[in-house]
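Visitor: Let's see this in three dimensions:
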Amino acid sequence: MNEITAQSRPDNKLMMTIVWFIVGVISLVLAFVIGISDNLPGILLLLFGCFCILYAVLHRLGKSKNLRPGRKLLYWSPRVLCIVFAAFTALFAMDVFDGSRGFLETLLALFMHLIPTFALIAVLVVSWRWEWIGGVVFILLAVLYAF
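Guide: Presented below is the predicted three-dimensional model:
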């Protein structure tokens, strides 16, 4: 009898994922309707929408070794922050699209500007599997940046 009632109950995790995703998409649409160029509410809506969509994806796909909620946040926050920082550094590569170069020159310049982003993604992929390597590499990168 308990198995039948357990099967008919909707999946709360799926519903929460859908709700977070819809809130994120609505926030992104509102941000672009308001405008994000020198407009603080638009920029904040853009950041909130990106956060909601990223949270929805991680909420659905993330399996974090049966941790408590506080420890789950500590487990996922470095990964999410690295993804956000890689996306932020990739934004700086958009300055190659000024229209003064040909296609191949623009493609080469884009690749050159995205090298730091590729390095961050490589460190993220390695540290996703082996956390201690990510901790050491990110500390070394912080020290290197300080000098």
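Visitor: Show me where the protein dips below the pLDDT cut-off.
Guide: 1-11, 60-70, 73 (pLDDT under 70).
Visitor: What residues sit buried inside stretch 40-51?
Guide: Buried positions in stretch 40-51, judged by neighbour count with 16 or more other Cβ atoms under 10 Å: 42, 45, 46, 48, 49, 50, 51. The C-beta positions use only the backbone N, C-alpha and C, and glycine is treated the same way.
Visitor: err, stretch 113-123, not the other one
Guide: Quick answer for stretch 113-123 (16+ other Cβ under 10 Å): 113, 114, 117, 120, 121, 123.
Visitor: Same list (those residues) but as a markdown table, adding distance to residue 142 and secondary structure.
Guide: Below are those laid out as a markdown table (distance: Cβ to Cβ, whole Å; DSSP: H, G, I helix; E, B strand; the rest coil):
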| residue | distance to residue 142 | secondary structure |
| --- | --- | --- |
| 113 | 22 | helix |
| 114 | 21 | coil |
| 117 | 17 | helix |
| 120 | 13 | helix |
| 121 | 18 | helix |
| 123 | 12 | helix |
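Visitor: where exactly do the helices run in the protein?
Guide: Taking DSSP state H to define them, one finds helices in the chain at 2-8, 12-34, 40-61, 69-91, 103-113, 115-129, 131-146.
Visitor: nearest to residue 97, of those?
Guide: Ranking the helices of the chain by distance to residue 97, with Cβ to Cβ as the measure, places helix 103-113 first at 6.8 Å.
Visitor: quick one, that closest one and helix 69-91 angle?
Guide: Following axes from the mean of the first three to the mean of the last three Cα atoms, to 10 degrees, one obtains 140 degrees for the angle between helix 103-113 and helix 69-91.
Visitor: List the contacts of the closest residue to residue 24 other than its chain neighbours.
Guide: Beyond its immediate neighbours in the sequence, the residue positioned closest to residue 24 (Cβ to Cβ, 6 or more residues apart in numbering) is residue 52, lying 3.1 Å away. By Cβ atoms under 8 Å, 6 or more residues apart in numbering, residue 52 lies in contact with 20, 21, 23, 24, 27.
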